[in-house]
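**Q** any chance you can model this:
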Amino acid sequence: MLPSVLPRRSPSTAASLTRAASLSINQLTPTLRVVSHDHGGYTSSISLVLKAGSRYESKAGVAAVLKNFAFKSNAHSSALATVREAEHIGATLSATLTREHLLLTAECLKGDEKTVLQLLTSALTARHLNHELHESTINTVALETLAANNLPSVHAFEEAHKLSFRSGLGSSLYASKDEPVGILDVRELWASALKREIGIVGTGLSQEKLENLVKHVLAEALDQDKLDGKAAEKGSEKTKVYFGGEKRIALDLHSLPEVEPTFVIAYPISSSPKPEHLILPYLLGTFTSSLKWSSSSPLKDAADIVGEGTKASAFVAPYSDAGLLVVEVTAEGSKRLSSAAGEVVKAMKALKVDAASLKRAVGQAKLEVAQKWETADGVREALASQVFGKDIPSCEDTLKSLDALTPQAVTKVLAELIKSKPSVVSVARLGQMAYADEVGL
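**A** Prediction:
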């Protein structure tokens with residue numbers, strides 16, 4: 001019997017909590033795509049998705065600088081006024097850079113969507129003033145780059161992209177101290193982004209409300225060609241060539257004690273990753289069984305062979321026309337890392353996909369997908385990454401595609417990846433670190 005102190009839920013509250021979220025998509029014009037996910041909560045968010053990721057930059061670091069220019073002075077207000085207006089209603093503004101997109105996001109309480117969209121719209125009229133570049137933006141960008149280079153996992157991940165694609169998707173999310181970025185470079189990337197298709201992603205509000213806001217508010221900032229439906233400018237977006245190779249980077253011996261040597265293997269995926277690719281990290285993964293007589297995942301078992309402090313994990317880096325299956329290994333010391341890398345490669349080559357292991361992996365993947373779609377950040381990330389695609393799969397679509405996987409299909413995809421030429425990056429004491437061919441690659 002339930003304690004009498006528990007509050008009883010009213011019928012209306014129960015209905016609102018159990019209402020299914022709705023996903024809606026509409027190509028408002030050939031250059032404006034509107035996507036909404038109405039979860040019936042108390043908060044909303046709106047994101048402008050611009051094709052201004054690092055794959056579109058003409059010089060290293062321009063996209064990183066552009067991200068840090070977000071919400072500074074524009075044609076309508078100063079940076080101070082923009083932040084003050086957002087804080088007045090309790091809203092938050094943020095900018096996120098990926099290899100494909102720059103996201104300008106505002107999160108707010110329901111009812112404040114028009115105000116935050118006006119703030120996002122004003123950001124589209126950014127002036128990109130030279131004094132702002134040198135007084136604040138460049139310093140922030142430099143600190144981000146320094147932090148990334150001092151983290152072997154991040155440094156290796158960026159270098160793996162450069163080895164894999166060289167330009168385009170190979171362009172780093174971080175600036176380079178060797179290639180200074182000028183204000184004209186920033187303005188050029190920004191101008192080209194505004195000529196391309198723009199995505200508007202909303203969470204916590206209906207499609208009808210979002211479209212009405214876009215029609216009335218965005219009209220103040222975008223040129224009439226976009227609103228009249230004229231074609232967007234096509235950028236160079238197709239990844240046509242994969243390269244691969246090996247790069248060895250000396251670990252800074254003066255770095256913090258917790259910094260560990262890292263070994264990264266990146267296998268190429270020649271198209272936007274399919275469910276057969278996305279399930280692989282869960283088959284390889286770091287699953288640890290609670291039963292002492294049951295084996296854990298292949299990567300976890302491989303790491304345990306080397307000893308305590310050794311870790312191995314896998315994930316997929318998905319993009320609109322390519323992807324990477326990334327395996328990351330860390331250890332306490334470069335000699336131990338060499339041994340761990342060899343054990344991981346053996347485990348991957350020996351992996352057998354049967355019905356039982358696939359069922360376990362699918363269960364783990366489905367839970368993670370479902371949990372992601374139950375958070376505003378997760379929904380926004382899922383929708384923004386695919387907003388320009390032909391179709392945007394819902395949570396239900398993704399779960400069904402995972403259920404449809406077979407051991408034979410996954411085995412075929414895994415075999416193709418293992419046979420391909422990977423990109424291999426080690427950040428370690430090079431005198432103690434094995435080469436890729438010495439660990440079985």
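**Q** how's the chain carved up into domains?
**A** Here the domain assignment for the chain is 19-228, 245-439, based on automatic domain parsing.
**Q** any weak-confidence spans in the stretch 1-150 of the chain?
**A** Scanning the stretch 1-150 of the chain for pLDDT under 70 picks out 1-20.
**Q** what ranges does it have for its helices?
**A** With DSSP state H, counting those that start in this stretch as the criterion, the stretch 1-150 of the chain has helices at 11-18, 62-68, 79-88, 113-123, 130-132, 138-149.
**Q** out of those helices, the one nearest residue 102 is which?
**A** Of all those, helix 62-68 sits nearest to residue 102, with 5.9 Å by C-beta to C-beta. Yep, even glycine has a C-beta here, placed from its N, CA and C like the rest.
**Q** the spatially closest residue to residue 264 that is not a sequence neighbour: how many residues sit nearby?
**A** Once flanking residues are discounted, residue 264 sits nearest to residue 156: 4.1 Å by C-beta to C-beta, 6 or more residues apart in numbering. Residues lying near residue 156 (other C-beta atoms under 10 Å) number 27.
**Q** isn't residue 156 right up against residue 260?
**A** No - the criterion here is C-beta atoms under 8 Å, and residue 156 misses it with residue 260 at 11.3 Å.
**Q** for the helices of the stretch 1-150 of the chain, which one sits closest to residue 399?
**A** Closest among the helices of the stretch 1-150 of the chain, using C-beta to C-beta: helix 11-18, at 18.4 Å.
**Q** can you pull the pLDDT of the residue nearest to residue 264?
**A** Looking at residue 156, its pLDDT is 97.
**Q** return the distance of it relative to residue 252.
**A** 13 Å (C-beta to C-beta, to the nearest Å).
**Q** cool, residue 187 as well?
**A** 35 Å.
**Q** distance of the residue nearest the centre of the chain from residue 369?
**A** When C-alpha atoms, centre = their mean is applied to the chain, the residue found nearest the centroid is residue 98 (6.0 Å). Distance, residue 98 to residue 369, by C-beta to C-beta: 19 Å.
**Q** ok, residue 187 and residue 252, which is more surrounded?
**A** residue 187 (16 against 13).
**Q** so who does residue 373 touch?
**A** 21, 379, 382, 395 (C-beta atoms under 8 Å, 6 or more residues apart in numbering).
**Q** from the residues you listed, which ones fall inside helices?
**A** Counting by DSSP state H, these place 379, 382, 395 in helices.
**Q** neighbour count, pLDDT and distance to residue 90 for these - can I get that in JSON lines?
**A** Formatted as JSON lines, these follow (neighbours: other C-beta atoms under 10 Å; pLDDT from 0 to 100; distance: C-beta to C-beta, whole Å):
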{"residue": "379", "neighbour count": "21", "pLDDT": "94", "distance to residue 90": "21"}
{"residue": "382", "neighbour count": "21", "pLDDT": "93", "distance to residue 90": "25"}
{"residue": "395", "neighbour count": "19", "pLDDT": "94", "distance to residue 90": "28"}
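**Q** between those residues, which sits nearest residue 165?
**A** Nearest member of those to residue 165, counting by C-beta to C-beta, is residue 382, at 23.3 Å.
**Q** quick one: stretch 344-351 to chain centroid distance?
**A** Relative to its chain's centre, stretch 344-351 lies at 27 Å (C-alpha atoms, centre = their mean, to the nearest Å).
**Q** could you do stretch 243-261 as well?
**A** Going by C-alpha atoms, centre = their mean, where stretch 243-261 is centred and where its chain is centred differ by 23 Å.
**Q** same question for stretch 169-186.
**A** For stretch 169-186, the distance to the chain centre is 19 Å (C-alpha atoms, centre = their mean).
**Q** how many neighbours does residue 141 have?
**A** Other residues close to residue 141 by other C-beta under 10 Å number 22.
**Q** so who does residue 409 touch?
**A** Here residue 409 is in contact with residue 276 (criterion: C-beta under 8 Å, 6+ apart).
**Q** for residue 420, see how far away it is.
**A** 17 Å.
**Q** again, but for residue 369
**A** 26 Å.
**Q** cool, residue 261 as well?
**A** 25 Å.
**Q** comparing these two, which shows the higher neighbour count?
**A** residue 261 (25 against 14).
**Q** show me the contacts for the more buried one.
**A** 152, 251, 330, 331, 333, 334, 337, 426, 427, 428, 429, 433.
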